[in-house]
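**Q** Sequence unavailable; structure follows:
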Ligand SMILES: Cc1cc2nc3c(=O)[nH]c(=O)nc-3n(C[C@H](O)[C@H](O)[C@H](O)COP(=O)(O)O)c2cc1C
Ligand code: SF4
Ligand code: SF4
Ligand code: SF4
Ligand code: FES
């Protein structure tokens, strides 16, 4: 536990969200440095750092930026602060406690991709976060870090806050853009990808809050410094939101590659009432379960993939031995049923069907054939839709059922 | 795209090589080559939504099944539309589509022309696995002609895209999310635009139905005949559906050069006059029913008298722009051959304002064949002979007027009526009783465009043909037939030709020289 948090270093200190505080802790030095460099060199530095997107997909950030066509203007950035996946609550801390870290990251990104306009799409329920971010934008504007000719470098940048209205799907990048455009937040077909045809038809980068918050540090300390943390394929550090049956739920920032066991037992204080673990959701509600025999797994993109799961957004939920897995998955199915935008047939109908099936089993009305049907419905939902919400619903359903089949069978009286 | 439209791309579909234009989608490539790809949300005249997921195909080097409607062809692409995993995926989609569907085909108007039914035969299961409670959605009138049955809706958004892209009226949207998604009109709006009923046609299922056609007929019992709409100069291609010789509905027929897949409500709904009680049952003279033989004899006698009296100088024709080319041509022949100096005048429905939508036009010229008159008689001739010119002629003294009407609902030019008493003999060729038939000394009943053959020229100079959609109602005959009978009677010999026969003679006119009647087919051909 020798790692000293980078992103969350100051969040427990009073006034950490204020400009004065931020400036007294080396604030905006990274942005100044970036703006003194060639934009391409900034992208190269971020590429070299190996930083991967923290919003869930883990896509290499510098590589994504390099997809912006050189000849299409204007270019937009949308900072994804819609954080709505059950169990994920890391971005919220940055918004509320260190908004300038995010704004500095946005400035660096915008310079790299030569965007003069950035949106921060904040989840509707985050009223406090939105207020604090807006105040931070005002402070930055007063300082000349946002607005015309920022840092006196002849570069203009405007940053706007957009508020979600409560739809999880608006965290999906193309839905987010549709929502910013003023339409119903429906995901769009890809290709074309947003980096080529995005917001208002213009090239657009969508990056997660945590991803962007990494940038000032990479600028200040360099790509090599960033790569000195984590593993080869997952460099750097990551915030894990630990929830469920642990003694100290909360956000813990650790180098990627830290064992899951260490995060649960050392950072989060172990299982509540010292019970046994039944299963762990390793990376947000859509990621397949990790079982107690896999607790030594290291938390990095490649290890979780090898284990058939995903690092996702880094939301670890611990389920203790007393949890009814049918009940647990019903809760998730309710969520996905409620959040499907309803465009694609498999997702629209599949999410509802799954929820109703699981609910019926939970109520003791299950039939033998239900379990096979569930698996087939999941198969029909995966890999066939516009966005991956459909997969995100099917994956945990399959995982819970396959891993804890006996619990489902026990509830079926035939 | 313009620089790529002419280049061709070769690709392999189901083991066979095809060459298609670059920039086309896979579904277009397949459909253009007769390969079926099932689809719901794709509509060739609307933007791509890619939401139904029925058109999945297997494309080499793409890891997941791809939707054919949104995948652009690339050189060397290898496509399989029938791979086992694709069939299975479509079966999955079909099953999902029916999960919350009421399966109420027996009482659904769409039955028989429903895409859910069509694809169920290939991809459906015989036994449903869904044992849960279905989502209930609303049933509602969206406007006076359009009714929505939410439970049958598959949320393909074709209707929404129509109102967004074609009519631009934007009354519709998807409301709610997930399996509660349904289509509705925006608060305070109704779908009352002149193109409203197209949303019924674009709806692939029974969710949007026509209030006018509701429960009128089972579609598989109806006769379906291709036609064109004559209610304005656009000349939309249509199909007329009838049951027991009664027209039940008119629907648009795809013609990419004229109306795409759409038509306006006015043209669609204006057919009741065909069956109206005012239709003329037989030839009539001085208020009495007579036989066709007597009618033709009397017609001949009246014309002959006029010729004998003053070489036809006191005889004129008033011809509407609703007559087909063949009739117009015969009027011209008749006047040339027998009545050297007599005049032909023209009347039309008054010009209205054009109605322009983002991707559709309703012409303010509410006559189907002004272009035909101009082509046959010449523009100059046409311009000099409005009803006003005829009135002058009447006031100079006119014995006989032959009136060739043909407007829906027996419309006649109002300004003519006051002066008509000054004409001794008015011979009317029209299909329903009207103000003018009251003043006629001879009435020769004609046919509506839905009961006869002939050709028309729309305002884009496209020659299009009509065919009888139903058997003649009442005792009418096509004007082109009656005029030939008259000419034969005047000559004392000759046979009566069909529309195509008359058209062949018409090829003596420059405009039609290169045209073969049979080549007009159902799609029409441009003329110059
Ligand atoms: C249904 C759905 C919900 C998502 N929600 C979020 C979210 O709340 N926040 C987020 O950053 N990314 C979310 N994502 C991922 C985004 O689509 C996108 O990959 C990400 O914001 C890219 O940023 P990154 O490269 O910095 O990770 C979601 C994806 C899906 C399919
Ligand atoms: S997969 Fe689900 S959430 Fe995503 S676009 Fe399709 S219906 Fe909407
Ligand atoms: S009403 Fe018909 S056209 Fe409109 S979305 Fe539903 S199924 Fe599609
Ligand atoms: S636009 Fe003209 S031709 Fe087309 S349906 Fe309407 S009235 Fe008929
Ligand atoms: S037709 Fe392609 S997804 Fe609907």
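**A** Noted; the coordinates are in hand. Because the structure is predicted, anything quoted here is derived from the model rather than measured. Numbers count the residues shown, from 1 in each chain, chains lettered A, B, ... in the order given. Ligands and ions are numbered 1, 2, ... in the order given.

**Q** Please settle this for me: is residue A:151 part of a helix?
**A** Yes. Counting by DSSP: H, G, I helix; E, B strand; the rest coil, residue A:151 is part of a helix.

**Q** ok, it - contacts?
**A** A:31-32, A:35, A:144-145 (C-beta atoms under 8 Å, 6 or more residues apart in numbering or on different chains). C-beta here means a position set from N, CA and C on the backbone, and glycine is covered the same way.

**Q** So which residues of the stretch 201-350 of chain B form helices?
**A** Here the stretch 201-350 of chain B has its helices, by DSSP state H, counting those that start in this stretch, at B:265-269, B:292-310, B:325-338.

**Q** The stretch 1-150 of chain B now?
**A** Applying DSSP H, counting those that start in this stretch to the stretch 1-150 of chain B gives helices spanning B:26-32, B:84-99, B:115-123.

**Q** Ligand 1 is nearest to which of those helices?
**A** helix B:84-99 (18.8 Å; C-beta to the nearest ligand atom).

**Q** export the helices of the stretch 1-150 of chain B to CSV and tack on mean neighbour count?
**A** Shown next, in CSV, are those (neighbours: other C-beta atoms under 10 Å in any protein chain shown):
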stretch, mean neighbour count
helix B:26-32, 21
helix B:84-99, 20
helix B:115-123, 16
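
**Q** Out of those, the one nearest residue A:228 is which?
**A** Residue A:228 lies closest to helix B:84-99 among the helices of the stretch 1-150 of chain B, at 45.1 Å (C-beta to C-beta).

**Q** now check the closest one, is it near ligand 2?
**A** No. On the criterion C-beta under 6 Å from any ligand atom, helix B:84-99 is out of touch with ligand 2, staying 10.9 Å away.

**Q** For that helix, give me every contacting residue.
**A** Counting by C-beta under 8 Å, 6+ apart, A:345-346, A:348-350, A:352-353, A:376, A:379-381, A:384, B:38, B:40, B:52-54, B:56-58, B:65, B:80, B:116, B:119-120, B:123-125, B:128-130, B:134, B:154, B:179 sit against helix B:84-99.

**Q** hmm, which of those residues are the buried ones?
**A** Among these, those buried by neighbour count (16 or more other C-beta atoms under 10 Å in any protein chain shown) are A:345-346, A:348-350, A:352-353, A:380-381, A:384, B:38, B:40, B:52-54, B:56-58, B:65, B:80, B:116, B:119-120, B:123-124, B:130, B:154, B:179.

**Q** Restricting to these, which residues neighbour ligand 5?
**A** Answer for these near ligand 5 (C-beta under 6 Å from any ligand atom): B:40, B:52-54.

**Q** Kindly tell me how buried residue B:502 is, as a neighbour count.
**A** As a burial measure, residue B:502 scores 25 neighbours (other C-beta atoms under 10 Å in any protein chain shown).

**Q** and if you look at residue B:339?
**A** Using other C-beta under 10 Å: residue B:339 sits among 20 other residues.

**Q** My read is that it contacts residue B:314, right?
**A** No. If you go by C-beta atoms under 8 Å, residue B:339 and residue B:314 don't touch, sitting 10.2 Å apart.

**Q** Now do the shared contacts for those two.
**A** Residues touching both residue B:339 and residue B:314 (C-beta under 8 Å, 6+ apart): residue B:306.

**Q** sorry, back to before: give me the subset of the contacts of helix B:84-99 that lies in strands.
**A** Among the contacts of helix B:84-99, the ones falling in strands (DSSP state E) are B:56-58, B:80.

**Q** Excluding residues flanking it in the chain, which one is nearest residue A:380?
**A** With C-beta to C-beta, 6 or more residues apart in numbering or on different chains as the criterion, residue A:380 has its nearest non-adjacent residue at 3.1 Å, and that residue is residue B:92.
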